[in-house]
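Novice: Sequence and computational prediction follow.
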Amino acid sequence: MEIGFPNHPRRNLLKEIEWIGKNGFDFVDLFLEEDMATPEKVDVNKTRELLEKYDLGIVGHTAWYMPIGSPVKALRSACIAELKRYFRTFAELGVEYVNIHANWPGGLFTDKEGVKFQIETLKKLVEEAKEFGIKLMLEPLDTRFDTVKNISSILKAIPELYLHLDIGHTSLYGRKPEDFIKKFHARLKHVHLHDNNKSRDLHLPLGCGSIEWEKILKLLKKYYDGTITLEVFSRDRDYVLLARDKLIELWNKL
Ligand SMILES: [Zn+2]
């Protein structure tokens, strides 16, 4: 198991990677997002140098608010054009797996229509990503639409799409991350880990919310030994480091 941390996309990317490297993480979960980490602002050479300096791996992450499931076709097409720019930068940095977040139209539109819109966009994105040697992973979001059933419909329609499990998101609305692990472990390529009270997406350090970590990680460890990002958003990053110690301790004793 490898543990990573994301850069804050509204801060200087190189300084963020420096912090991640100095603190001994295994990889950077590279958030290429507005407004400080968009492709035109990334210094690819300097970023590569830093990754090498600290022997850091890299996983690609795009903005959670990309409207890939919008009922507006022009917005879905714009997503493809925009994300192609991101794929290019990821490829230059040697990224193999990139996440795309689920996105739901809501309002007057049904789950089924949301699934259809996303399948249409994701099929095209998978093909575009291939040109850059990149594989895509779908991350269920924190909405009531991100059910095993809906995510399953998307994954079934696109065999080349992988699952990126976010344990915090899949613990909301009475959902269980275990159900996603049992159903999709063969297609699981990346994990986000953070705690919450099971009703709001709080991104807390593990142990500060009510998620049953022992139970979930025990099941996860049965099938998975890959990259896990501590997606903990605390102003004081000492909590991130403490969460990492707790994760290693728990993982090793399971
Ligand atoms: Zn996440």
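Specialist: That came through fine.
Novice: For residue 107, grab the count of nearby residues.
Specialist: 6 (other C-beta atoms under 10 Å). Bear in mind the C-beta positions are built from the backbone N, C-alpha and C, glycine included.
Novice: now the one 3 residues further on
Specialist: Burial measure for residue 110: 11 neighbouring residues, criterion other C-beta under 10 Å.
Novice: any idea how far the ion is from it?
Specialist: From residue 110 over to the ion the distance is 25 Å, taken as C-beta to the ion, to the nearest Å.
Novice: Do a quick rundown of the strands in the protein.
Specialist: Along the chain, counting by DSSP state E, strands occupy 2-6, 27-32, 57-62, 97-101, 135-139, 162-166, 188-193, 227-230.
Novice: Name every strand pairing with the last one and say which way it goes.
Specialist: Right, the one you point to is strand 227-230. strand 2-6 (parallel), strand 188-193 (parallel) (DSSP bridges).
Novice: Of all those, which one is nearest the ion?
Specialist: strand 188-193 (3.4 Å; C-beta to the ion).
Novice: Local confidence estimate at residue 144?
Specialist: Looking at residue 144, its pLDDT reads 95.
Novice: what's the answer for residue 86, then?
Specialist: Value for residue 86, per-residue pLDDT: 98.
Novice: ok so, going back, which of the strands paired with strand 227-230 has the highest mean neighbour count?
Specialist: strand 188-193 (a mean of 23; mean count of other C-beta atoms under 10 Å).
Novice: where do the helices sit along the stretch 151-254 of the chain?
Specialist: For the stretch 151-254 of the chain, helices defined by DSSP state H, counting those that start in this stretch occupy the ranges 177-184, 213-223, 238-253.
Novice: As JSON lines, these with distance to residue 79, mean neighbour count and mean pLDDT would be great.
Specialist: Shown next, in JSON lines, are the helices of the stretch 151-254 of the chain (distance: least, C-beta to C-beta, whole Å; neighbours: other C-beta atoms under 10 Å; pLDDT from 0 to 100):
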{"stretch": "helix 177-184", "distance to residue 79": "23", "mean neighbour count": "18", "mean pLDDT": "98"}
{"stretch": "helix 213-223", "distance to residue 79": "30", "mean neighbour count": "17", "mean pLDDT": "98"}
{"stretch": "helix 238-253", "distance to residue 79": "30", "mean neighbour count": "15", "mean pLDDT": "97"}
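Novice: Much appreciated, bye for now.
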